[in-house]
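Asks: below is the structure, and that's it, no one-letter string:
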């Protein structure tokens, strides 16, 4: 059981799923905001959505590195966590400006 939890494939696929969802939801929100069919109460700025997409792409790349064994799984999680943390700090700073 312990060997399964430490497998690089499992962690790589988990990182890929989280990052792909992050990218897809940001892309879907961007495309929904660009179409005039849906009215939003709050619209995110484009730079914020592009930053979300970039964080998703970084996570996807490092998930492939984790699966291939170039990067240890805990380093992959840390890189994705730092990218998300930087994005959240930028979002908080945007709202206070």
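Replies: Good, I have the coordinates. Quantities reported herein were computed from a predicted structural model and do not represent experimental measurements.

Asks: so residue 39: helix, strand or coil?
Replies: coil (DSSP: H, G, I helix; E, B strand; the rest coil).

Asks: also the one 5 residues further on?
Replies: Residue 44 carries the three-state label coil when classified by three-state DSSP.

Asks: so it sits right up against residue 32, yeah?
Replies: No: at 10.4 Å, residue 44 and residue 32 do not qualify as touching, with contact defined as C-beta atoms under 8 Å. Where C-beta positions appear, they are placed from N, C-alpha and C, glycine not excepted.

Asks: next SSE after the lengthiest helix in the chain?
Replies: Using DSSP state H to define each element, the chain has its longest helix at helix 8-34. As assigned by DSSP states H and E, the chain's next helix or strand after helix 8-34 is helix 46-68.

Asks: against which helices or strands is that next one packed?
Replies: Judged by 3 or more C-beta pairs under 8 Å, 6 or more residues apart in numbering; DSSP states H and E, the packing partners of helix 46-68 are helix 8-34, helix 73-96.

Asks: winner for burial among those helices?
Replies: Greatest average neighbour count among the helices and strands packed on helix 46-68 goes to helix 8-34 (a mean of 16), per mean count of other C-beta atoms under 10 Å.

Asks: okay, and for the protein, where does confidence drop off?
Replies: Filtered on pLDDT under 70, the chain yields the residue ranges 1-6, 97.

Asks: in it, which residue is closest to the centre?
Replies: residue 56 (3.1 Å; C-alpha atoms, centre = their mean).

Asks: what lies in contact with stretch 30-48?
Replies: Contact with stretch 30-48 is made by 29, 49-50, 53, 90-91, 94, as judged by C-beta atoms under 8 Å, 6 or more residues apart in numbering.

Asks: dump the residues you listed to a markdown table, plus distance to residue 12.
Replies: Compiled in a markdown table, these are given as follows (distance: C-beta to C-beta, whole Å):
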| residue | distance to residue 12 |
| --- | --- |
| 29 | 26 |
| 49 | 26 |
| 50 | 25 |
| 53 | 20 |
| 90 | 27 |
| 91 | 27 |
| 94 | 32 |
